[in-house]
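*Asks:* I need the structure of the sequence given here:
(one chain, ligands or ions: 2)
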Amino acid sequence: MKILKFGGTSVGSVKNMSLVKDIINTSEKKIVVLSAMSGTTNTLVAVNTAIKNNEIAVAESIISSLSDNYLKVTEQLYQKAEYKELAINYITKVIMQLQSLATKPTSNHTEYQVLAQGELLSTHLFYYFLKEHQINAALLPALDFMRLDHFGEPDNFYIKKNLSQILDSKNEVEIYITQGFITRDYMGEISNLQRGGSDYTATIIGAALDVEEVQIWTDIDGFHNNDPRFVANTHTISHLSFEEAAELAYFGAKILHPQTVIPVRNKNIPVRLKNTMQPEAPGTLIDSSIHGEGIKAIAAKDGITAIKIKSARMLLAHGFLKKVFDIFDYYQTPIDMITTSEIAVSLTIDNPTHLESICHELEKIAAIEIETNRSIVCLVGHNIVNHHETPNLFQILQDVNVRMISYGGSNNNISLLINTNDKLETLRKLNRYVFEPAEVF
Ligand SMILES: Nc1ncnc2c1ncn2[C@@H]1O[C@H](COP(=O)(O)OP(=O)(O)O)[C@@H](O)[C@H]1O
Ligand SMILES: N[C@@H](CC(=O)OP(=O)(O)O)C(=O)O
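*Replies:* Ligands and ions are numbered 1, 2, ... in the order given. Okay, here's the model as predicted:
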C-alpha cells in the first residue's frame, strides 16, 4: 500500500484533476489524500474573518462566489448528467451549511467547520469524477478516523484502529480517497492540522498503516535548494535525510508542512516528493540514508518575534533560564532560536498569540526588548557544522545584518535571524555564495 497526497494546485483545475486521475489509476492499492482546490482554504478564512467582524453580507457574498466557482468546475468536470447532479447536490449542501454557519455566533468550533469544507468539496468532486470514469474507488471520510489527543498530537492508536476497520470493510476497492488537513479533536469536534496540514495527514496515515511509501505530489519537481519564489536558478535536491527535511520544513520550506516527516521517521517509511505536471521527473526522495556533504538547502521562515531578556541577576546565578522557560511553557509557546550572554538571553518565537502575557510575566524578572518582523534563514546539510567549507560562510555574513545566529544546536543546521526586509537579499546572497561560488570568487 502507498499513500499519495495531492496538494491544492494538483486538484485546483479540471485539467490538473485529469492528471491526478491518470497518475493514480494503476492497479496498486493506495490511499489518495487530497487538499482543498487552491484558493479555497484562503476563501474560507475570509468567510470566517467576515463572520467574526459581524459582516454577514460580506460573508454571504464570498460564499455565493465560491458557489459560482464550484458550479463552473462541475460544468467542465463531468460529461454525464448523473454525476453533474451528484456534484451539484453536494455543493448545494456545503453552501447551505456555510450560509447557516454565517448566521451563528462564531467560535473555534464554527471556524473549524467552515475551514473543513474545502477538503470535503475537493474529495467529493474528485470521487464522482473517478466514478464517472468507472474507476474502482471509495471515499474514506477523514472525520471517521482522524483524531487528535489532549495535547493536539495525532491519536495514533485510534487512527490505526478505525482506519484499519474501515479499510477492511471496503477490501475490494483499489483506490481510497480521503481528506487531508481535517481531523477531529479529543472531544470529537471538527479541527484541523494547521495550514498546509494535508502533507501531515498523509504521513500520519502512512505510519498508522506501515505503508511502503508516502508520496507528496505538488506543482514543482521536488525539494529545491532554495525557495524558488524568491531565488532564481534553484535546482531539485534528489535526496534528503529525514533530519535534513525536518529542519527545512520546520524553518519554512513551504513545500512541506513542518511536521510531515515526524510520523514516518522512526518507522523508516520513505517520503517521495513528485510533480503532478511532470510525473516522469524523479523528484526528491526523503529517507534515513545520508547523501552528499556541505550545505544542501536554504529556507526562510517569516513572522518571527525576537525577545531580549536582560537581567543583572543572571550574572553567576543559576535557575534564571528555568524561570524564563517556565513562562513560555505556561503559555504553550515554543521557542525557536536562543542565544545567551552573561546578562542577557535572546530568543525567538513564531507564535505571538500570548506575547503580551509572556512579556508581562518576563518584566517581573528582567528588562525586555521586543523586535518584530524578523525572519529566520536556515542553512541545512548533513553535519554542516563540521564541514571544512562552512567557516568561509562567515565571510559573507559581514554583508548581512544578522541579529542572532545559532550554530551547533544541531550538526545539520545553521540559523540566522535577520530583518524580514533583508530576507530576499540575504537568500540571494547566500545562494550565490553557497551554490554558485565560481561566480563570487
Ligand atoms: N525549497 C523549496 N523547494 C520547492 N518548493 C518550494 C521550496 N520553498 C518553497 N517552495 C514553494 O512550495 C510550493 C509547493 O508547496 P505548496 O504550495 O504547499 O504545494 P501544495 O499546494 O501542492 O501542497 C512550490 O510551488 C514552491 O513555490
Ligand atoms: N487546504 C489546506 C491544507 C493543505 O495542505 O493545503 P496544500 O496541500 O495546498 O498546502 C490549506 O490550504 O492550508
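*Asks:* flag every residue of the stretch 101-250 of the chain that's near ligand 1.
*Replies:* Residues of the stretch 101-250 of the chain lying close to ligand 1 (CB under 6 Å from any ligand atom) are Gly196, Thr218, Asp219, Ile220, Phe223, His224, Asp227, Pro228, Arg229. C-beta: built from backbone N, CA, C; applies to glycine.
*Asks:* for these, which one is nearest ligand 2?
*Replies:* In terms of CB to the nearest ligand atom, no member of these lies closer to ligand 2 than Gly196, at 4.1 Å.
*Asks:* quick check: buried residues in stretch 308-320?
*Replies:* Neighbour-count burial for stretch 308-320 flags Lys308, Ile309, Ser311, Met314, Phe320 (criterion: 16 or more other CB atoms under 10 Å).
*Asks:* which residue ranges of the protein form helices?
*Replies:* For the chain, the helices defined by DSSP state H cover 14-24, 40-52, 56-77, 81-102, 108-132, 156-169, 198-208, 242-250, 262-265, 320-330, 355-362, 393-397, 423-435, 437-440.
*Asks:* packing partners for the fourth one?
*Replies:* Meaning helix 81-102. In terms of contacts (3 or more CB pairs under 8 Å, 6 or more residues apart in numbering; DSSP states H and E), helix 81-102 is packed against helix 40-52, helix 56-77, helix 108-132.
*Asks:* pick the most buried one from these.
*Replies:* For these, the largest average neighbour count (mean count of other CB atoms under 10 Å) is found in helix 108-132, namely a mean of 22.
*Asks:* that one near ligand 2 anywhere?
*Replies:* Yes. Against ligand 2, helix 108-132 shows contacts by CB under 6 Å from any ligand atom at Gly118.
*Asks:* tell me which parts of the stretch 251-400 of the chain are close to ligand 1?
*Replies:* The stretch 251-400 of the chain has residues Ala253, Lys254, Ile255, Ala299 near ligand 1, with proximity defined as CB under 6 Å from any ligand atom.
*Asks:* now the first one: closest residue in space that isn't a chain neighbour?
*Replies:* Going back to what we said before, that points to Ala253. Closest residue to Ala253 apart from its sequence neighbours, by CB to CB, 6 or more residues apart in numbering: Ala299 at 4.0 Å.
*Asks:* I'd say that neighbour and Val380 touch.
*Replies:* Yes. Between Ala299 and Val380 there is a contact at 7.1 Å, judged by CB atoms under 8 Å.
*Asks:* and for those two, which residues touch both?
*Replies:* With contacts taken as CB atoms under 8 Å, 6 or more residues apart in numbering, Ala299 and Val380 have Leu248, Phe251 as neighbours in common.
*Asks:* for the stretch 201-350 of the chain, which spans come out with low pLDDT?
*Replies:* 314-316 (pLDDT under 70).
*Asks:* closest residue of it to ligand 2?
*Replies:* For the stretch 201-350 of the chain, CB to the nearest ligand atom, closest residue to ligand 2: His257, 6.5 Å.
*Asks:* touching, that residue and Gly196? I think so.
*Replies:* Yes. Under the criterion of CB under 8 Å, His257 makes contact with Gly196 at 4.3 Å.
*Asks:* and those two? Which one has more around it.
*Replies:* Here His257 and Gly196 are compared on neighbour count by other CB atoms under 10 Å; more neighbours surround His257, at 24 against 21.
*Asks:* what is the residue lying closest to Ile220 once chain neighbours are set aside paired to in the beta sheet?
*Replies:* Leaving aside its sequence neighbours, Ile220 sits nearest to Asn275 (CB to CB, 6+ apart; 6.0 Å). Counting by DSSP bridges, Asn275 is bridged to Thr218.
*Asks:* for Asn275, give me its contacts.
*Replies:* For Asn275, the contact set (CB under 8 Å, 6+ apart) comprises Trp217, Thr218, Asp219, Ile220, Asp221, Gly222, Ala281, Gly283.
*Asks:* and if you look at Tyr112?
*Replies:* Neighbour list for Tyr112: Glu189, Ile190, Ser191, Asn192 [criterion: CB under 8 Å, 6+ apart].
*Asks:* buried members of those residues into PyMOL, please.
*Replies:* Command for PyMOL that selects the buried part of those, burial taken from 16+ other CB under 10 Å:
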select buried, resi 190+191+192
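*Asks:* TSV please, covering the contacts of Tyr112 and showing pLDDT.
*Replies:* Listed next are the contacts of Tyr112 as TSV, based on pLDDT from 0 to 100:
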residue	pLDDT
Glu189	97
Ile190	98
Ser191	98
Asn192	98
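*Asks:* tell me the one of the contacts of Tyr112 nearest ligand 1?
*Replies:* Asn192 (14.3 Å).
*Asks:* can you tell me the closest non-neighbouring residue to Asp219?
*Replies:* Leaving aside its sequence neighbours, Asp219 sits nearest to Thr9 (CB to CB, 6+ apart; 4.0 Å).
*Asks:* sorry, that was for Val14
*Replies:* Nearest non-adjacent residue to Val14, counting by CB to CB, 6+ apart: Gln76, 4.5 Å away.
*Asks:* surely the one you found meets Met17?
*Replies:* No. With contact defined as CB under 8 Å, Gln76 does not reach Met17; the gap is 9.6 Å.
*Asks:* need the residues touching each of these two.
*Replies:* In terms of CB under 8 Å, 6+ apart, Gln76 and Met17 are not both contacted by any residue.
*Asks:* now the residue nearest to Ile220: how far from His224?
*Replies:* 11 Å (CB to CB, to the nearest Å).
*Asks:* quote the end-to-end distance of stretch 30-42.
*Replies:* One end of stretch 30-42 to the other measures 29 Å (CA to CA, to the nearest Å).
*Asks:* in that stretch, which residues are buried?
*Replies:* Using 16+ other CB under 10 Å as the test for burial, stretch 30-42 gives Lys30, Ile31, Val32, Val33, Leu34, Ser35, Ala36, Met37, Ser38, Thr40, Thr41.
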